[in-house]
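Novice: model this:
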Amino acid sequence: QVQLVESGGGLVQAGGSLRLSCAASGRTFSSYNMGWFRQAPGKEREFVAAISGSGGRTYYADSVKGRFTISRDNAKNTVYLQMNSLKPEDTAVYYCAAGAISSSWWTRDYKYDYWGQGTQVTVSS
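Specialist: The predicted model follows:
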């Protein structure tokens, strides 16, 4: 069982930055690939970024590539999402997820086993 707790959301102006954190419980954190997803009001949840258990591989949605960076610190059982050059369309609830899944499934939310409660990110224009 893995419990995930996100933090770091908030209100920021367009062009600004935020760093989200997701702290995980358990001693097997490094065995899980981690993903970040987001859901805006009235929209389906969408993939943002994912990282392998070792941190050696990452993958991004086209909409955030070059602006967001996913990383992890396995010693701290934490995954991060550094968000730069934020846009109003990045406004959403951001969720982290953990899954012992192949990289082929990283973008599929239903493949992940554990989810955090979400943190709100609001970008004003």
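
Novice: give me the beta-bridge partners of the nearest residue in space to residue 7 that is not next to it in sequence?
Specialist: Of all residues not flanking residue 7 in the chain, residue 21 sits nearest, at 5.1 Å (C-beta to C-beta, 6 or more residues apart in numbering). Just so you know, the C-beta spots here come from the backbone N, C-alpha and C atoms, and that holds for glycine as well. Residues in a beta bridge with residue 21, per DSSP bridges, are residue 7, residue 80.

Novice: Pull the number of nearby residues for residue 21.
Specialist: 17 (other C-beta atoms under 10 Å).

Novice: SS state for the spatially most central residue of the chain?
Specialist: In the chain, the C-alpha nearest the mean C-alpha coordinate belongs to residue 36, at 2.2 Å (C-alpha atoms, centre = their mean). Following DSSP: H, G, I helix; E, B strand; the rest coil, we place residue 36 in the strand state.

Novice: That one and residue 56, how far apart?
Specialist: Residue 36 is 17 Å from residue 56, where distance means C-beta to C-beta, to the nearest Å.

Novice: Repeat that for residue 117.
Specialist: To residue 56, residue 117 is 28 Å away according to C-beta to C-beta.

Novice: Looking at these two, which one has more neighbours?
Specialist: Using other C-beta under 10 Å as the criterion, residue 117 and residue 56 rank with residue 117 on top: 11 against 7.

Novice: Report the contact partners of residue 73.
Specialist: Residues near residue 73 by C-beta atoms under 8 Å, 6 or more residues apart in numbering: 79, 80.

Novice: Tell me what it is bridged to.
Specialist: Beta-bridge partners, per DSSP bridges, of residue 73: residue 78.

Novice: how far away is it from residue 117?
Specialist: For residue 73 relative to residue 117 (C-beta to C-beta), the value is 21 Å.

Novice: Could you do residue 58 as well?
Specialist: The value you get for residue 58 to residue 117, if C-beta to C-beta is used, is 24 Å.

Novice: cool, residue 77 as well?
Specialist: 17 Å.

Novice: Just the terminal-to-terminal distance for stretch 103-120.
Specialist: Distance across stretch 103-120, first residue to last, is 27 Å (C-alpha to C-alpha, to the nearest Å).
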